[in-house]
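1. have a look; sequence and predicted model below, questions after that.
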Amino acid sequence: MTNSVERFVDPGLPEHVHRKADFDERAAKRAERQVAILFLLSAASTVLTIYSYVGISPKKEVFLPLLGTQQVNNLGIGVGLALSLFFIGLGAIHWAKTLMDDTEVIAERHEFRSSDEDRKEFVETIKERAGTAQLGRRSLIKRSLGAALGLIGLSPLVLLRDLGPLPKKELETTNWAKDTYLVSDPQGRRIKASDLEVGAVAQVLPELPEGTERSLENIGKDAVLLIRIRPEEFNLDAERLSWTHEGIIAFSKICSHMGCAVALYEQQTKHLLCPCHQSTFDVTRAAKVIFGPAARPLPQLAIGVDAEGYLIAKQGFTEPVGPSFWERNSA
Amino acid sequence: MKRLSHMRRHKFAAPALIAAALITVGSAFSMASALPTVQHQQTSSGSTIVDEGKQIFLKGCSSCHGLNAEGSGIAPSLIGVGAAAVDFQVGTGRMPMADMSQQAMRKRPIYDAQQTAALAAYVASLAPGPKVVDPTSINWERDGNVADGGTLFRTNCAMCHNFAAQGGALTNGKYAPTLMGVEPKYIYEAMITGPQSMPKFSDTTLTPKDKADIIAWIQAADKEPATGGASLGRVGPVTEGLLVWTLGLGILIGVAVWLAMKAR
Amino acid sequence: MKARERVAGNVAGYIDDRTGAAKWAKKNLTKVFPDHWSFMLGEIALYSFIILLLSGTFLTFWYNPSQNEVVYNGSYVPLQNLAMSESYASTLRISFDIRGGLLMRQIHHWAALIFMAAIVVHLLRVFFTGAFRKPREANWLIGIGLLTLGIVEGFLGYSLPDDLLSGTGIRIAEAIIQAIPVVGSYLAFFAFGGAFPGHSFIPRIYTVHVLLIPGIFLALITVHLMLVWYQKHTQYPGPGRTEKNVVGYPLMPVYMAKAGGFFFIVFGITAFLGATASINPIWLYGPYTPGQISAGSQPDWYMGWLDGLVRMFPPLETHAFGHTISWNILTPGVIIPGILFTGMALYPFIESWIMNDKAEHHLLDRPRNAPNRTALGAMSLSFMLVALLNGGNDIIATHFHLTINGIMWFTRIGLIVVPPIVFIITKRLCLSLQRADRDVVLHGVETGRLVMMPSGEFVEVHAPISEAKKFVLTQHAQPAALTVPASDLNGTDAPGGIKAKLRARLSKAHAEQVPAPTATEAKALDHH
């Protein structure tokens, strides 16, 4: 046994094997023809693109298996463009592979590390040059510059301040208030309690004062889902039960998790599901979370009816609707 | 395919199809041993359509729904669901259920139109409920506004049935089915009766005009051309991502392998 | 001299007179690039970026980033007379009333998906072959930066049309901003110019999408490529290939033709997808309003893992002192991605620290020869895949008749259980492959030919493998683990303490290898 272990040796780059086209002129000619055909196919495809753009009406449709009913104009332009590009690529690569010199070349690599001497001099230079600035000795300059540079970073932050207003109470308020009528979304009709049968749902919004335009910001906070079940199916405390009306219960449709519209109601299980992250809420237990990532029930809206039987809110939401935020008092 | 769609539009296409369907269903029916082999002609004169429906009910439905349609642990009561519910459930083949799965599937109907009508009449006789919808009364082609229907659909239906009415998942394996190829009559009936997980959308909250709009939109979605190429199921970005990782990257890497291969 | 050559000479002279570039150009036109299909993955990403710039510019000619309300009167019938934002209306116009507009929109979106997919596979190639090692750590960091920016850029891009799906995505992004402790609601109001959705967000992200991020992309990609150029490309081990050389084809003409041709191929395939496969059919989604939602609302695939994590996270919130902290948003939406991406960025430095490896590496590792790294990579990948799976749980549920609750629980448990299992299996697999390599080198390959020995015994003939193959299978370095500093007799910790112990333990795990066979061993076997 010796201490030195021999490894397998590098046999070196294998001998170059020539391609047929390297020594057979006929094979080379054939390769040339193939490349030319590919380039010509590209040219023909460009003609197809231009013809499709100019000559085919965007209204023309054709049924194709796998794809379905297609707009011929769009399809022609697209396929023409795709093929004209694709064939150029194929041609170029085929040319490179068959006709360009394919002998492998060796290039030497050099270690990036400079000589110790150079590195030392480099450090010296930095030290010396920095020394002439006297930054080490003039501490007043150093400190004041530091302060100036540190503070200047605040400018862009300050300048961005006017990007938007402060939230104030906007995240905590909605357009729901005492005696606001519930109107259907999107039709805007008032709803009578008798309009809803057991098992029915309705998407509702607060009726806005005459002449008020409903903005998306409003809908983002005001959207409510009305559900009617048999009153005996409720499993609510007295207060929450008093917020319902003859089995009709109203919840904010804006998910307490990330604000998607929770409107997927299963009338057999009485569950509400959010299609974004699958939080599941139990309608009979005041939208208690029974599955998924939401941590809070959907806020419930207290409802009743006016003298004519139209549904109204008895008060606004008692908590902010939608996703959580730092200032939210959820206790 | 062009020719096929021409044939579909032929004026005799609908009657011919219905006749063909009836023959198929009828022959399937006569072979089903669990069902009465005695044909309706033989029901004694004087017995009403309700009695006929009751007979079918006792044979085919009562084992789950109870002898008086009062319901049981495994099936709901049918008292008050109305003829429309029966017409929808039986007419789309959901009832009778093939097995006790999570949810009844749409399949080829087991009872023919006349038997379905009899069943509906029987269930309607138990307690008042929504009536069977007369297809000619919907008039969605005349009254329906596709754009308004789209807005109504996205507000009231898309959360379960997806933006293009392709269907979607509910909790615990239940699902909202696709609405492609569903007859307008059944869409209407589903809205007023709230089958299975689906809530009800009564005519007072979604008026018949609203429903006509929604149906018009669904019918347009059914015929929506595959604009921009294969529609990939119209389920959103999941199938798009799948296509990129399989076909897209597959071809690109394939070309890269060819590119780096030494030519002979 | 032919006319053509004279012209070329004149042009070259003209340039050199003004730049003195002749020497540099002469050297660089014959720069050698190694040829391997896996070296083209980064190029797919690069070319997709160019396609994105071209198609994106086209789209800007008609797109109008405004959230002002208009009534649509374009040619798509099912949306006529509906109120919608100008951005949605102008995207509809591009899709239905500009010839080739829909094609360009689809090319742009497909290119974005391919861009991200190519970045990911390129990153995996670089990781599993150890190409991130010294001196290429900076390029690794730039790559991680590009990946992160790509995710943001993609999200902003598909948010621009202001359709129902993208609006839902913005709503979720707003919820994430709002969940940031202390400043969240302020940041959200600043970003949206008030309450969600407001009228400012889309115009703002448009500038970020078409100017700011592409600019940063361009700068980072330039540095990325300059570093590849300057440091020369890595190469796979093989006969004649060493740490001191690069074996391959010269830039001119072979590599120019191949790389240039490949650009056209990538563009062609993207255009083909754009022509034949629908992507983001915004006209079906409808205009955005916060009161509407579609079943199966999903982000694009490169955000899918994030959405999957958010979906599976338990409902945790802290309610105290009148404040709320949403762990159910912050943990999966900010903290876990932060840890993942930071860990990924730091990995080259961690590995070099563990092995005290200060050497330059230009020869790539075969993944099996770095079992610990390969296992770690496979583990991380499995984590992402489990999360991604849950991101599509509703679509999977409807198409495979499963339940979303079932998939959710499967992935919740899987996220914790699967990665360690994948780690163990991958590491074992690597070691087995090393063992197989060892057998092949020492005993040759099985030929399937049976020979009857004089004794009547049957023996399969093993054929020796070529010297080149033997070299490839045995050339890798197998650095030894760092030794544990011995503790004092009285039991106090050795210098360095826990950190040194941890390093030694990691080093031991990292150095676990099947010894590569040597020529000495082979000779010893021959003598028997």
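-> Everything's here; your move.
2. show me where chain B has helices.
-> Applying DSSP state H to chain B gives helices spanning B:2-9, B:13-31, B:49-60, B:62-65, B:82-91, B:113-126, B:135-138, B:140-143, B:146-156, B:158-161, B:184-193, B:208-223, B:237-243, B:249-260.
3. which residues touch residue 141?
-> Going with chain A. A:134, A:135 (Cβ atoms under 8 Å, 6 or more residues apart in numbering or on different chains). Using the backbone N, CA and C atoms, a C-beta is placed for each residue, glycine as well.
4. my question was about chain C
-> residue C:345.
5. which helix or which strand is home to it?
-> Counting by DSSP states H and E, the element that carries residue C:141 is helix C:137-159.
6. on that earlier part again, got JSON lines for the helices of chain B, with mean pLDDT and mean neighbour count too?
-> Below are the helices of chain B laid out as JSON lines (pLDDT from 0 to 100; neighbours: other Cβ atoms under 10 Å in any protein chain shown):
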{"stretch": "helix B:2-9", "mean pLDDT": "51", "mean neighbour count": "9"}
{"stretch": "helix B:13-31", "mean pLDDT": "50", "mean neighbour count": "12"}
{"stretch": "helix B:49-60", "mean pLDDT": "88", "mean neighbour count": "19"}
{"stretch": "helix B:62-65", "mean pLDDT": "86", "mean neighbour count": "17"}
{"stretch": "helix B:82-91", "mean pLDDT": "90", "mean neighbour count": "26"}
{"stretch": "helix B:113-126", "mean pLDDT": "89", "mean neighbour count": "22"}
{"stretch": "helix B:135-138", "mean pLDDT": "83", "mean neighbour count": "13"}
{"stretch": "helix B:140-143", "mean pLDDT": "85", "mean neighbour count": "14"}
{"stretch": "helix B:146-156", "mean pLDDT": "94", "mean neighbour count": "23"}
{"stretch": "helix B:158-161", "mean pLDDT": "94", "mean neighbour count": "27"}
{"stretch": "helix B:184-193", "mean pLDDT": "92", "mean neighbour count": "23"}
{"stretch": "helix B:208-223", "mean pLDDT": "93", "mean neighbour count": "21"}
{"stretch": "helix B:237-243", "mean pLDDT": "95", "mean neighbour count": "23"}
{"stretch": "helix B:249-260", "mean pLDDT": "96", "mean neighbour count": "18"}
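7. can I get the helix or strand in which residue C:186 is found in CSV, CA atoms only?
-> Assigned by DSSP H and E, residue C:186 falls within helix C:184-192. Listed next in CSV are the C-alpha coordinates belonging to helix C:184-192 (Å, rounded to 0.1, in the frame of the first residue of the first chain):
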residue,chain,number,x,y,z
GLY,C,184,-50.7,49.2,6.9
SER,C,185,-53.8,51.2,6.5
TYR,C,186,-51.8,54.3,5.8
LEU,C,187,-49.7,52.5,3.1
ALA,C,188,-52.9,51.2,1.5
PHE,C,189,-54.5,54.6,1.4
PHE,C,190,-51.3,56.0,-0.1
ALA,C,191,-51.0,53.3,-2.7
PHE,C,192,-54.6,53.5,-3.7
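8. quick one: that helix near chain A?
-> Yes: interface with chain A: helix C:184-192 contributes C:184, C:185, C:186, C:188, C:189, C:190, C:191, C:192 (Cβ under 8 Å from any Cβ of the partner chain).
9. of the residues you listed, which is the most crowded?
-> Of all those, the most densely surrounded is residue C:184 (28 neighbours; neighbours counted as other Cβ atoms under 10 Å in any protein chain shown).
10. before we move on, back to that, contacts for the helix holding residue C:186 next, please.
-> Contacts for helix C:184-192 (Cβ under 8 Å, 6+ apart): A:160-161, A:163-167, A:170-171, A:325-327, C:174, C:177-178, C:180, C:195-196, C:198, C:200-201, C:204.
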